[in-house]
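>>> Mind looking at a prediction? Sequence and model below.
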Amino acid sequence: MNRRQFLKSALFTTIGAVVLSACKKVATQTKNLIDKVSTKKYKALDISVIGFGMMRLPQTDGEPDIAKTQEMVDYAIEHGINYFDTAWFYHGGKSELAVGEVLSKHPRNSYYLADKMPLRILKDKSEVIPTFEEQLKKCRTDYFDFYLAHNINKREWETLKNCNVYEQLTQKKKEGKIKYLGFSIHDTPELLEEVVNTYKWDFVQLPINPIDWKVVDAKKQYEIATKVGLPVVVMNPLKGGQLSTLNEKAVELLKNENPDVSPSSWSLRYSASLPNVFVVLSGMTEMEHVVDNVKTFTNFKPLTDKEQNVLSDAIAIYNSSGAISCTYCQYCTGCPVGIDIPKNFLIYNQYKSNGRKERFIIAYEAIKEENRADKCINCGICKNKCPQQLDIPNLLKDIASLYKDLK
Ligand code: SF4
Ligand code: SF4
């Protein structure tokens, strides 16, 4: 190489290095500019205040849509959401598989994963560990950060005790396969008291939202957990989506106070404002939900007293509409004559929200005849399954009469 060639080559190398370094700097700055959601402390962990509930994933042909879920999860992680919650029953067992597929694209230490023991399907104690091992496999992980006994009610409480569920899961905790052991509950404060006083738990998952706070003892349950020092994960903060739509008058009130935020953001912030809550789960179905949640929880601030009052007024307006407090959780499925209970309640609530008679008639007639409210034979089987303790047969009767009247 002659001198000229040497100088030319050195010049290009220097320019290349400068350009590369500038690109790296821009990339780092761009990364630093990405909005990240706020975190709360759970012991030594920094958990995003908003968690990704994997029970209402986007679907194609009745199955979780992996490509869309991946996109949403990638966005969530990029914006600091680090708590993901799944369960055996979600999407008929497909949520855990979807979670395994999409989260395995991310380093295991970049998120916390919660799963749950399906108490309802356990027949005896020999089924606990194989079920747990299968969940690990489905989720493509060696351990769960958070693991819960799922949906304790009077019947499942007996199952939990008879099948030695707590003892067997505690063993898994000792083996490092569970980091923190808790439970979720949809029942009375009395049962909650019994559960927290029988075993030593690390956390509890409770349904909390501005409607249930007063109507179904959520306040009392939160206070019980707080009194015994159990940090709380909030489920159902939007009451099955009711709090994201409300009704026109309630939404108008919220929009007058702050036109730039969604109705959902009010109720999510409501639960997240409770000091003993460390994460609020939101079942996200569309990218729009993830983006809105990131917006709500970036620089999260608890509701002010004024905001609490505005929300309380909006809830009062909504409650006066007579909507059924169904969360569309689907726990009441399996009606012997095939009534689609959540669907009937959903269209009724939509009618209560928008008052559009023709829409209600069209929606009711779109339900298959055998799944409609008027086919209920009042056997009462569904009543014991409803965590909201709704008088399902009578409510169905009201819906059937409403259709008759409007038609
Ligand atoms: S009460 Fe009606 S809706 Fe409930 S399980 Fe019986 S038939 Fe089905
Ligand atoms: S009626 Fe009860 S069990 Fe059925 S979907 Fe609604 S809240 Fe859930």
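Perfect, thanks for sending it. Ligands and ions are numbered 1, 2, ... in the order given.

>>> what about the helices in the stretch 151-300 of the chain?
With DSSP state H, counting those that start in this stretch as the criterion, the stretch 151-300 of the chain has helices at 154-162, 165-174, 189-198, 212-215, 218-227, 242-245, 248-257, 263-272, 287-297.

>>> just those helices: most buried one?
Of those, the one with the most neighbours on average (mean count of other CB atoms under 10 Å) is helix 263-272, at a mean of 24. Every C-beta, even on glycine, is put in place using the N, C-alpha and C of the backbone.

>>> What's the mean pLDDT across it?
Averaged over helix 263-272, pLDDT sits at 98.

>>> What are the contacting residues of it?
Contact partners of helix 263-272, identified using CB atoms under 8 Å, 6 or more residues apart in numbering, comprise 49-50, 208-210, 234, 237-239, 243-246, 250-251, 254, 277, 280, 282, 289, 292-293, 295-297, 300-303, 307-308, 311, 314.

>>> again, 7 Å this time
By CB atoms under 7 Å, 6 or more residues apart in numbering, the surrounding residues in contact with helix 263-272 are 49-50, 208-210, 234, 237-238, 243-246, 251, 254, 277, 280, 282, 292-293, 296, 300, 302-303, 311.

>>> Up against ligand 1, what does the stretch 301-407 of the chain have?
Within the stretch 301-407 of the chain, the positions near ligand 1 by CB under 6 Å from any ligand atom are 335-337, 339, 341, 376-382, 392-393, 396.

>>> Buried subset of those residues as a PyMOL selection?
This is how PyMOL selects the buried members of those, with burial counted by 16 or more other CB atoms under 10 Å:
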select buried, resi 335+339+341+376+382+392+393+396
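
>>> Tell me who's in contact with residue 84.
Contacts of residue 84 by CB under 7 Å, 6+ apart are 51, 52, 54, 99, 103, 111, 113, 114.

>>> any idea how far residue 146 is from ligand 2?
Per CB to the nearest ligand atom, to the nearest Å, residue 146 is found 23 Å from ligand 2.

>>> can you map out the strands along the stretch 251-400 of the chain?
Per DSSP state E, counting those that start in this stretch, the stretch 251-400 of the chain carries strands over the ranges 277-283.

>>> What parts of it come near ligand 2?
Counting by CB under 6 Å from any ligand atom, the residues of the stretch 251-400 of the chain near ligand 2 are 326-332, 341-342, 345, 385-386, 388, 390, 392.

>>> Neighbours of the residue in the stretch 151-300 of the chain that ligand 2 sits nearest to, how many?
Residue of the stretch 151-300 of the chain nearest ligand 2, by CB to the nearest ligand atom: residue 240 (7.0 Å). Here the number of neighbours of residue 240 (other CB atoms under 10 Å) works out to 22.

>>> Which pLDDT value does the model give it?
83.

>>> Contact partners for it?
Taking CB under 7 Å, 6+ apart, one finds 326, 327, 328, 329 in contact with residue 240.

>>> circling back to that earlier point, JSON lines for the contacts of residue 84, including neighbour count and pLDDT?
Shown next, in JSON lines, are these (neighbours: other CB atoms under 10 Å; pLDDT from 0 to 100):
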{"residue": "51", "neighbour count": "28", "pLDDT": "98"}
{"residue": "52", "neighbour count": "28", "pLDDT": "98"}
{"residue": "54", "neighbour count": "28", "pLDDT": "97"}
{"residue": "99", "neighbour count": "30", "pLDDT": "98"}
{"residue": "103", "neighbour count": "24", "pLDDT": "98"}
{"residue": "111", "neighbour count": "19", "pLDDT": "98"}
{"residue": "113", "neighbour count": "24", "pLDDT": "98"}
{"residue": "114", "neighbour count": "26", "pLDDT": "98"}
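
>>> Next step: those restricted to helices.
Using DSSP state H, the members of those that fall within helices are 99, 103.

>>> of the contacts of residue 84, closest to residue 145?
For the contacts of residue 84, the closest approach to residue 145 (CB to CB) belongs to residue 113, at 5.5 Å.

>>> Correct me if wrong: that closest one contacts residue 143.
No. Between residue 113 and residue 143 there is no contact under CB atoms under 7 Å: 8.4 Å.

>>> Would you mind stating the distance between the closest residue to residue 59 other than its chain neighbours and residue 90?
Nearest residue to residue 59, sequence neighbours excluded (CB to CB, 6 or more residues apart in numbering): residue 65, at 5.7 Å. To residue 90, residue 65 is 14 Å away according to CB to CB, to the nearest Å.

>>> Which one's more surrounded, those two?
Taking other CB under 10 Å, residue 65 and residue 90 do not tie; residue 90 has more neighbours (23 against 16).

>>> Now do the contacts for the closest residue to that one other than its chain neighbours.
Excluding its sequence neighbours, the residue lying closest to residue 90 (CB to CB, 6+ apart) is residue 55, at 4.2 Å. Counting by CB under 7 Å, 6+ apart, residue 55 touches 87, 90, 95, 283.

>>> Check residue 55 and give its pLDDT.
pLDDT recorded at residue 55 is 94.

>>> Quick check: it vs residue 405, distance?
35 Å.

>>> Could you do residue 360 as well?
The spacing between residue 360 and residue 405, counted by CB to CB, is 11 Å.

>>> again, but for residue 352
Distance, residue 352 to residue 405, by CB to CB: 14 Å.

>>> So those two - more neighbours on which side?
Neighbour count, other CB under 10 Å: between residue 352 and residue 405, residue 352 has more, with 18 against 8.

>>> The closest residue to residue 302 other than its chain neighbours - how many residues pack around it?
Excluding the flanking residues, the one nearest residue 302 by CB to CB, 6+ apart is residue 273, at 3.6 Å. For residue 273, the neighbour count with other CB under 10 Å is 17.

>>> where does the stretch 201-350 of the chain have low pLDDT?
215-216 (pLDDT under 70).

>>> Pull the contacting residues for the residue of it found nearest ligand 1.
Going by CB to the nearest ligand atom, ligand 1 is nearest to residue 335 of the stretch 201-350 of the chain, at 3.2 Å. Residues near residue 335 by CB under 7 Å, 6+ apart: 341, 381, 382.
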